[in-house]
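> structure, please.
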Amino acid sequence: MSPLLIVSLILIAIIVIPVFWGAGVYNSLVKLRNHFKNAFAQIDVQLKRRHDLIPNLVETAKGYMKHEQETLDAVISARNQAQSAAKLAASDPANMLAMQNLMGAESGLSGALGKLMMVVEAYPDLKANQNMAQLTEALTSTENKISFARQHYNDSVMQYNTQREVFPAVIIANMFAFTEAPLFEITNETEKAAPEVSFG
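Alright, predicted model coming up:
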């Protein structure tokens, strides 16, 4: 083999190996980013279900809670804010600000629902209402599904963020703007528990 051919092969290897390595790292980051976006879509499905249940819950309660209009209005207002925040976050789950707004709005909604459920306790006829019992059971189930979906999303984000931060993958991540993905966290300890909706 001629020295020129050997030098040419070495130069080709020096160029080709990093290109293939870079492509592999890039593809890995794309897969992980798509995985956490899909995981957020599962949260979004459950949030939509939660948001759809709330008007029915309020309508059922409205007939019994004539003097609690302020509480009912607060729930609907919090629901509308959470629904708007969810739409923005769903369009780009990697957007840190959109996710922070969603977490804040969902925390506000959980607080409003918690207050509603405390007020419902004072209305025995409402507690005994079959429709109300079914709605609260569906809401409890949805809250549990949101919790599981959030855990899966956070696990996916952790994998993605870890991959984009390790050397030498961080070079590719920075070159191609693979930004840090936000976790879906609830920071207020009282809001970590799902609102209590049981009438047992």
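> switch to C-alpha atoms for all contacts and neighbour counts from now on
Noted.
> what are the ranges of the strands in the chain?
For the chain, no strands are identified by DSSP state E.
> buried ones in the worst-scoring helix or strand of it on mean pLDDT?
Least confident helix or strand, the chain: helix 124-128 with a mean of 85, by mean pLDDT, DSSP states H and E. The neighbour-count check on helix 124-128 (16 or more other Cα atoms under 10 Å) flags 126-127 as buried.
> from the chain's centre, how far out does that helix sit?
Computed by Cα atoms, centre = their mean, to the nearest Å, the chain-centroid distance of helix 124-128 equals 33 Å.
> then stretch 18-38?
Worked out by Cα atoms, centre = their mean, stretch 18-38 lies 22 Å from the chain centre.
> now do stretch 137-150
12 Å.
> then it to CSV, C-alphas only?
Provided in CSV are the C-alpha atoms of stretch 137-150 (Å, rounded to 0.1, in the frame of the first residue of the first chain):
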residue,chain,number,x,y,z
GLU,A,137,-65.1,9.6,41.3
ALA,A,138,-64.1,10.4,37.7
LEU,A,139,-62.2,13.5,38.9
THR,A,140,-60.3,11.4,41.5
SER,A,141,-59.4,8.8,38.8
THR,A,142,-58.2,11.6,36.5
GLU,A,143,-56.1,13.2,39.2
ASN,A,144,-54.3,9.8,39.7
LYS,A,145,-53.7,9.5,36.0
ILE,A,146,-52.3,13.0,35.9
SER,A,147,-49.9,12.0,38.7
PHE,A,148,-48.7,8.9,36.9
ALA,A,149,-48.4,10.8,33.5
ARG,A,150,-46.4,13.6,35.3
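> buried residues, that stretch. List them.
138-140, 142-143, 145-147, 149-150.
> same check on stretch 19-38?
Quick answer for stretch 19-38 (16+ other Cα under 10 Å): 22, 25-26, 28-29, 32-33, 35-37.
> so which of the residues you listed are in helices?
Residues of these located in helices (DSSP state H): 22, 25-26, 28-29, 32-33, 35-37.
> list the contacts for Phe184?
99, 103, 150, 153-154 (Cα atoms under 8 Å, 6 or more residues apart in numbering).
> pLDDT for the residues you listed - can I get that in a markdown table?
Compiled in a markdown table, these are given as follows (pLDDT from 0 to 100):
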| residue | pLDDT |
| --- | --- |
| Met99 | 94 |
| Met103 | 94 |
| Arg150 | 94 |
| Tyr153 | 96 |
| Asn154 | 96 |
